[in-house]
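Novice: sequence and predicted structure below; questions after.
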Amino acid sequence: MENKMQTKLIFILHLIGLSLASAGGAQTISNDEPASLLLLKASLIDPLDHLRDWTMPSNGFENGSSHCDWTGIWCSSEGFVEKLDLSNMNLTGCVSEHIQSLSKLSVLNICCNAFASSLPKSLYNLSSLTSIDVSQNNFVGNFPQGLGVASFLISINASSNNFVGFLPEDLENATSLESLDLRGSFFEGSIPKSFKNLQKLKFLGLSGNSLTGKIPRELGEMSSLETIILGYNEFQGPVPAEFGNLTNLQYLDLAVGNLSGDIPAELGRLKKLTTIYLYQNNFEGSIPPEIGNMTSAVYLDFSDNRISGEIPDEIGELKNLQLLNLMCNKLTGPVPNKVGELTKLEVLELWKNFLTGSLPHSLGLNSPLQWLDVSSNSLSGEIPGNLCDSGNLTKLILFNNSFSGSIPLGLSSCPSLIRVRIQNNLIGGTIPVGLGNLPKLQRLELANNNLSGEMPDDFALSTSLSFIDVSSNHLQSSLPSSILSIPNLQTFLASNNDLEGNIPDQFQDYPSLSVLDLSSNHLSGSIPQSIASCEKLVNLNLRNNQLTGEIPPSLATMPTLAILDLSNNSITGHIPQSFGSSPALEMLNLSYNKLEGLVPNTGMLMTINPNDLIANAGLCGGILPPCSKSSNNISRPRKVHIKHIALGFVVGVSVILALGLILLTWRWMYKRWYLHSGVFEDWFRKSESEWPWRLVAFQRLNFTSADILACNKESNVIGMGSTGIVFKAEILRPHSVVAVKKFWRSEADIETGDDLLAEVNLLGRLRHRNIVRLLGYLHNETDIMMEVFKENLIFPDIQIAEYGYTLKVDEKSDIYSFGVVLLELLTGKMPLDPSFGESIDIVEWVRRKISSKASEQALDTEIAGQCQHVQEEMLLVLRIALLCTAKLPKDRPSMRDIITMLGEAKPRRKSVCHSWGHNATKEKPIFGNSPVAGHLVLVSEKRDWCCITPDQKAQALKRMRGKHGATACDTVFKIEQLDH
């Protein structure tokens with residue numbers, strides 16, 4: 001008995017000892033964690049001092065749990081750190097390896113900071129982790145290996161960083177993982193097939209990386225998947241048919257890539273799928289009718305592909321559909337009538353296809369339709385009258401079709417309308433009364449139809465209209481008296497109608513108007529003086545009317561007026577002297593009027609095209625022939641004295657002319673001898689049917705025309721293009737090397753030879769540090785002309801190549817040169833860089849890069865680097881540079897538009913977020929307009945402007961997918977042209 005008691009006592013004492021030892025050990029570990037946290041803090045930069053309470057207490061860490069009260073720290077009942085949340089603190093620096101000392105850490109959240117270092121490799125030691133969120137930082141390097149050993153790990157969010165390398169394959173061992181978000185970095189390679197082991201995974205986000213290869217069919221075995229976001233990568237091949245096995249899938253985003261093949265019919269088995277984005281890929285074939293079995297579908301976007309065939313009637317079975325976007329494909333046939341029966345449809349975009357027939361008459365009747373765009377098809381019939389029955393329609397875009405009938409009266413009572421664009425159709429009847437009363441209507445485009453009648457007076461009552469285009473119709477009567485005083489009106493186009501009466505004289509106090517075109521009407525009366533109060537007016541076109549009276553001198557003082565066309569009227573009086581000093585005037589056309597008097601010889605009137613002043617019989621002087629002097633203006637009180645004076649004047653002038661003639665003859669003889677040595681001998685050697693070469697020099701030269709012609713042979717050819725051949729001419733005594741461009745000229749060019757020589761003379765006078773000087777040119781009276789340049793070929797093959805296209809030199813040539821300078825800045829290359837290849841200049845090289853979808857490869861890597869925002873902005877400016885270097889001068893923007901575009905070329909984004917919880921919210925995208933035609937602009941009701949171009953969809957902006965990983969948001973970049 002005593003032995004038993006001793007044994008029990010020893011056992012009890014042993015347990016007590018173990019307990020004390022454990023307690024002591026726990027105390028030791030707990031005391032180590034505060035020290036590790038302080039070391040972690042030491043590696044951080046905390047500019048806002050969020051971690052100011054992370055300090056050593058005065059008594060040290062005697063109680064062992066004081067750190068549990070620090071900011072961002074949560075501890076277990078035993079005093080171990082279980083949760084570390086340092087999110088949204090604007091922290092930088094690096095995450096110390098000492099974080100591995102937090103052995104019981106289960107939740108780590110450092111998202112939404114500014115870390116730009118690599119993650120500590122020791123993260124894999126945190127085997128208790130259940131959740132890690134490092135999203136929305138700038139972490140670099142490879143994603144840490146080893147997290148797969150964390151058997152309790154449920155969620156990884158590393159979206160929106162700068163990670164590189166391959167996807168971590170060891171994650172296949174984290175079999176408890178439910179969410180994996182690695183969007184918005186630079187991961188490369190393919191998706192590991194071993195991810196199929198993640199059978200509990202519900203969310204897979206890999207969009208916005210540089211992943212390649214085919215999408216593994218093994219993903220179709222991950223039966224728990226609810227969300228797949230793989231867009232904005234470089235995947236190729238088809239969508240695996242095995243995706244049809246993912247019966248729990250709710251969200252599928254494969255947009256913006258190189259996927260091809262047919263859309264799998266197996267997707268029709270996905271009964272829970274609410275969202276499917278396949279836009280901007282290379283899908284072909286037809287839309288499978290099995291799509292109609294996806295009865296939960298809400299958002300369906302197959303736009304920007306190569307899909308053909310008809311829209312299947314089965315789409316009408318998607319009763320929950322809110323968005324249907326099939327734009328920019330090759331679809332044919334009619335729009336199914338069942339589409340008009342979709343009671344939840346909000347957005348229908350079918351533009352730029354080959355659709356025929358009429359729109360469903362019930363479209364909008366029973367649905368909250370907000371956006372309808374079927375432009376650029378071959379649709380016909382009447383516009384459905386019920387489009388705005390729900391009162392939600394904001395955008396109605398039907399242009400470039402064959403719609404007929406009249407404008408539905410229901411549109412004039414649709415208060416939600418923002419944009420109506422139905423130009424280029426066959427619509428007749430009158431413009432319905434009431435459109436001017438719509439409180440949100442900003443853009444109204446009715447041009448190129450068969451509209452007749454009067455322009456409604458209520459237009460003048462609008463407080464929202466900024467753009468009105470009713471040109472090329474049959475509108476009659478006069479303009480409403482206050483039509484041009486709409487407070488927000490920027491553009492008013494009413495040309496090519498039958499408008500009569502005077503131009504309204506109510507321009508005061510409304511300075512927004514920038515474009516006014518009333519040309520080709522029957523307007524009469526004088527030009528209102530008050531028009532000069534439009535301080536933002538850029539383009540004023542009143543040509544081809546019946547206007548009378550004088551030109552208001554105040555027009556010359558308008559600060560932004562760049563284009564003024566008053567031709568084909570009956571305007572009288574003089575050209576205002578101040579026109580020559582107009583601050584912004586670039587183009588002035590006063591031809592076919594009744595103007596008279598002296599043309600001011602100042603400012604832009606010194607270089608105006610004489611054709612812009614023709615058919616004004618009374619105009620003279622300036623660039624026109626001089627005015628004749630009337631003898632009636634000569635006073636003759638003393639005839640004899642005047643005769644003596646006149647005789648002396650005539651004698652003096654005769655002497656001066658004789659001396660001048662002698663001087664000019666001597667200089668001509670000298671030039672012929674100095675610059676054309678041997679030319680006289682050449683003349684006599686030629687037959688009567690041949691003409692001599694003449695060298696016209698723009699500076700002192702040390703070679704003759706014979707020297708240049710001697711080098712004009714095949715062995716010296718260094719380039720060839722559509723406008724001529726470039727030779728290398730090497731003159732030995734004294735040694736010099738020049739480039740000679742020999743142009744091919746047609747008979748039409750020969751007929752306008754004087755203009756051609758005048759324009760080349762203009763080029764010879766150009767002096768700029770970035771433009772190689774034109775030394776001179778050779779010409780004869782045949783169809784050949786050669787130009788001589790310094791050895792560097794920047795000038796001949798860029799600006800002269802432009803000159804060779806058109807044989808014209810004007811302000812559009814300056815735009816071309818400006819575009820070339822932009823390309824040099826953006827690419828870091830010379831205009832004729834050897835890397836381009838033979839006969840390829842910088843303009844052609846950049847265009848080929850863009851055609852091959854390799855825009856980013858054209859950028860100077862020393863400037864662009866890895867900074868995404870810089871790359872985006874450079875790509876925007878690259879697009880502007882290509883507009884400047886368009887082959888046809890008429891296709892180039894004005895310098896004013898270029899300045900506007902450069903000001904708007906800022907990379908911004910629009911995000912549409914989908915919360916993966918039950919309280920899903922969305923933002924309704926609203927497209928805005930830019931004052932520059934052809935610009936690509938997208939805005940959101942709650943976000944800033946986003947100005948991006950189509951070539952940037954897949955490359956420059958792809959990383960921005962996944963910028964909202966903390967709330968599981970999907971960043972969507974839907975780009976629309978300004979026309980939409």
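Specialist: Received, thanks. Numbers count the residues shown, from 1 in each chain.
Novice: so where do the strands sit in the stretch 351-500 of the chain?
Specialist: All strands of the stretch 351-500 of the chain, identified by DSSP state E, counting those that start in this stretch, fall at 354-357, 371-373, 378-382, 395-397, 402-404, 419-421, 443-445, 452-453, 467-469, 474-475, 491-493, 500-502.
Novice: and those strands: which comes nearest Leu585?
Specialist: The closest of the strands of the stretch 351-500 of the chain to Leu585 is strand 491-493. By Cβ to Cβ, the value is 19.4 Å. Glycine gets a C-beta too; all of them are placed from N, C-alpha and C.
Novice: how far out from the middle of the chain is the closest one?
Specialist: Relative to its chain's centre, strand 491-493 lies at 24 Å (Cα atoms, centre = their mean, to the nearest Å).
Novice: for that strand, packing partners?
Specialist: strand 467-469, strand 515-517 (3 or more Cβ pairs under 8 Å, 6 or more residues apart in numbering; DSSP states H and E).
Novice: for the last one, give the mean pLDDT please.
Specialist: What it means is strand 515-517. In this model, strand 515-517 carries a mean pLDDT of 94.
Novice: in its sheet, what does the helix or strand that that strand is followed by sit against?
Specialist: On the C-terminal side of strand 515-517, the closest following helix or strand by DSSP states H and E is strand 522-525. Strand 522-525 pairs in its sheet with strand 500-502 (parallel), strand 546-547 (parallel), by DSSP bridges.
Novice: most packed of the ones you listed?
Specialist: Here the criterion is mean neighbour count by mean count of other Cβ atoms under 10 Å, and of the strands paired with strand 522-525 the winner is strand 546-547, at a mean of 18.
Novice: now distance to Glu226 and mean neighbour count too, for the helices and strands packed on strand 491-493, in CSV please.
Specialist: Below are these laid out as CSV (distance: least, Cβ to Cβ, whole Å; neighbours: other Cβ atoms under 10 Å):
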stretch, distance to Glu226, mean neighbour count
strand 467-469, 44, 22
strand 515-517, 51, 20
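Novice: with distance to Ser855 added, can I get the ones you listed in TSV?
Specialist: Listed next are these as TSV, based on distance: least, Cβ to Cβ, whole Å:
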stretch	distance to Ser855
strand 467-469	31
strand 515-517	32
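Novice: please identify which of those strands is closest to Ala297.
Specialist: Among the helices and strands packed on strand 491-493, strand 467-469 sits nearest to Ala297 (Cβ to Cβ), with 35.5 Å.
Novice: need the contact partners of the closest one.
Specialist: 423, 442-447, 459, 489-494, 929 (Cβ atoms under 8 Å, 6 or more residues apart in numbering).
Novice: so what strands line up beside it?
Specialist: strand 443-445 (parallel), strand 491-493 (parallel).
Novice: got the strands paired with strand 522-525 as CSV, with distance to Met874 and mean pLDDT columns?
Specialist: Shown next, in CSV, are the strands paired with strand 522-525 (distance: least, Cβ to Cβ, whole Å; pLDDT from 0 to 100):
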stretch, distance to Met874, mean pLDDT
strand 500-502, 51, 92
strand 546-547, 48, 96
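Novice: and those as JSON lines, adding distance to Pro360?
Specialist: Formatted as JSON lines, the strands paired with strand 522-525 follow (distance: least, Cβ to Cβ, whole Å):
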{"stretch": "strand 500-502", "distance to Pro360": "41"}
{"stretch": "strand 546-547", "distance to Pro360": "47"}
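Novice: which one of those lies nearest to Asn109?
Specialist: strand 500-502 (70.5 Å).
Novice: ok, Glu97 touching Pro120?
Specialist: Yes - using Cβ atoms under 8 Å, Glu97 is in contact with Pro120, at 4.7 Å.
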